[in-house]
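quick one, fold the following:
(chains A and B)
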There are 2 protein chains.
Amino acid sequence: MTIEQFVAQSSGKWRSMRSGHSLAFQQFEEVLSEVTIKEISKDDSLVIQLLRSSVANKKNLDAISCPFKMEWCAESDWEPDDPSEVSSGSCIIVPLVKNISSGNLIRSVGYAEPEAAISEYSFSNDGTFTLTTNYEQSIAEERIWFVSENVRCRSSVLRTSAGSGVLQTSFASEVRRINA
Amino acid sequence: MTIEQFVAQSSGKWRSMRSGHSLAFQQFEEVLSEVTIKEISKDDSLVIQLLRSSVANKKNLDAISCPFKMEWCAESDWEPDDPSEVSSGSCIIVPLVKNISSGNLIRSVGYAEPEAAISEYSFSNDGTFTLTTNYEQSIAEERIWFVSENVRCRSSVLRTSAGSGVLQTSFASEVRRINA
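Here you go, the predicted structure:
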């Protein structure tokens, strides 16, 4: 698997079921959401803006490949006071290829914390895409793998950046919406 | 990672948070359980009994390594009529080593279906343990990986054996109980 194949295979509209586990409190979160992934041009103004920001500093911008945009619209049960709370957002992601199986991703919005972030990615020999991001307060490891053309799984583990304490995990099952 | 290291690292009492996703119905399941994993002797009567059963037929029994017993006690919300339903059980698992990173597992109780089953296992280059089992009605793929010494994650994907349809997925976050 290469990053180009991975982005091409991920493109489309996905219906996502996501479970979050808060390990210290033994609490479950359940989120249904729609996720849209779409390749965008290297010349898109949002890509250029992201590459001019400090997070892209000192990176080899010649290595850019297949930037994409991710949008999500979620309905969460995390806040019991407002079960119908809907959260939505979008993110620009720009891969920088190092070699065939690894590189960096510049993200306009982080996974664990909302600022722009830079991640390291790699593919393992079974095709699993692994993404590690160091935030100010935490380290996130995400894994994404395809179980069929139209179903993919996504797990995440969030640790404290100070130690090895695991704070939260999550798992999403994503089914491509046909004709969407 | 070898199967011997994996079983040694898995031994102990784990507090498990498990989420199930029924993809067709978009239903979530949440299960809290306690899982105990314990190495047992090759000469244990339950091991000998399992190796005499038809599921172990035609297998190279010289390749047996580190048999273990898994016990679980779960409290599930799957049955909305009886939210306090508790399910428990145990299983004998006997690894048969093929080479350093792959082999078979003979299980006295299957994951997806209750009869004895034989699985193929392999370790990917990032240490993830992957287990594939063909049942009569379904194919299960399980993945287990350690995120720290005392935290492991476990995912499963259940497909129809007839085609590639994905029926269910699940994800468990397991934390070792210290002093247990």
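
tell me the mean pLDDT over stretch A:103-121?
When pLDDT is averaged along stretch A:103-121, the result is 88.

what about it, near chain B?
No: using CB under 8 Å from any CB of the partner chain, stretch A:103-121 stays clear of chain B, with a minimum separation of 12.5 Å. Bear in mind the C-beta positions are built from the backbone N, C-alpha and C, glycine included.

in contact with the spatially most central residue of chain A, which residues?
The structure's chain A has its C-alpha centroid closest to residue A:111; by CA atoms, centre = their mean the separation is 6.3 Å. Listed by CB atoms under 8 Å, 6 or more residues apart in numbering or on different chains, the contact set of residue A:111 reads A:117, A:133, A:140, A:142, A:156.

state whether the fourth one is indeed within a helix.
No: when classified by DSSP: H, G, I helix; E, B strand; the rest coil, residue A:142 is found to be strand rather than part of a helix.

wait, doesn't it sit right on residue A:128?
No: contact status for residue A:142 versus residue A:128: not in contact, 10.5 Å apart, counting by CB atoms under 8 Å.

circling back: kindly indicate which of the contacts of residue A:111 lies nearest chain B.
residue A:156 (9.8 Å; CB to the nearest CB).

next, the angle from the strand or helix carrying the closest one to strand B:151-160.
Residue A:156 belongs to strand A:151-160 when elements are defined using DSSP states H and E. Using axes from the mean of the first three to the mean of the last three CA atoms, to 10 degrees, the inter-axis angle of strand A:151-160 relative to strand B:151-160 is 170 degrees.

against which helices or strands is strand A:151-160 packed?
strand A:138-148, strand A:166-176, strand B:138-148, strand B:151-160, strand B:166-176 (3 or more CB pairs under 8 Å, 6 or more residues apart in numbering or on different chains; DSSP states H and E).

dump these into a markdown table; add mean neighbour count and distance to residue A:72 as well.
Conversion of these to a markdown table gives the following (neighbours: other CB atoms under 10 Å in any protein chain shown; distance: least, CB to CB, whole Å):
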| stretch | mean neighbour count | distance to residue A:72 |
| --- | --- | --- |
| strand A:138-148 | 19 | 14 |
| strand A:166-176 | 22 | 10 |
| strand B:138-148 | 19 | 24 |
| strand B:151-160 | 20 | 21 |
| strand B:166-176 | 22 | 19 |
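
export those as CSV, with columns for distance to residue A:107 and mean pLDDT.
Shown next, in CSV, are the helices and strands packed on strand A:151-160 (distance: least, CB to CB, whole Å; pLDDT from 0 to 100):
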stretch, distance to residue A:107, mean pLDDT
strand A:138-148, 11, 95
strand A:166-176, 17, 96
strand B:138-148, 21, 95
strand B:151-160, 23, 96
strand B:166-176, 23, 96
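
quick one: the strands in chain A?
Ranges of strands within chain A are A:12-22, A:27-39, A:68-76, A:86-99, A:102-107, A:117-123, A:129-134, A:138-148, A:151-160, A:166-176, based on DSSP state E.

out of those strands, which comes closest to residue A:48?
strand A:86-99 (10.0 Å; CB to CB).

strand A:129-134 and the closest one, what's the angle between them?
Using the same axes, to 10 degrees: strand A:86-99 against strand A:129-134 is 100 degrees.

tell me the angle of strand A:86-99 relative to strand A:102-107?
Going by the same axes, to 10 degrees, strand A:86-99 makes 150 degrees with strand A:102-107.

any part of strand A:86-99 near chain B?
No: using CB under 8 Å from any CB, strand A:86-99 never reaches chain B; the gap is at least 14.8 Å.

so who does residue A:138 touch?
A:112, A:113, A:158, A:159, A:160, A:161, A:167.

before we move on, back to that, direction included, what does the strand holding residue A:156 pair against?
Strand A:151-160 has its sheet partners listed here by DSSP bridges as strand A:138-148 (antiparallel), strand A:166-176 (antiparallel).

that one relative to strand B:12-22, how many degrees between them?
Going by the same axes, to 10 degrees, strand A:151-160 makes 140 degrees with strand B:12-22.

residue A:98: how many residues sit nearby?
Using other CB atoms under 10 Å in any protein chain shown, residue A:98 has 15 neighbouring residues.

and what of residue A:65?
14.

and if you look at the one 3 residues further on?
Taking other CB under 10 Å as the neighbour definition, residue A:68 ends up with a count of 19.

with adjacent residues omitted, what lies nearest to it?
residue A:39 (4.9 Å; CB to CB, 6 or more residues apart in numbering or on different chains).
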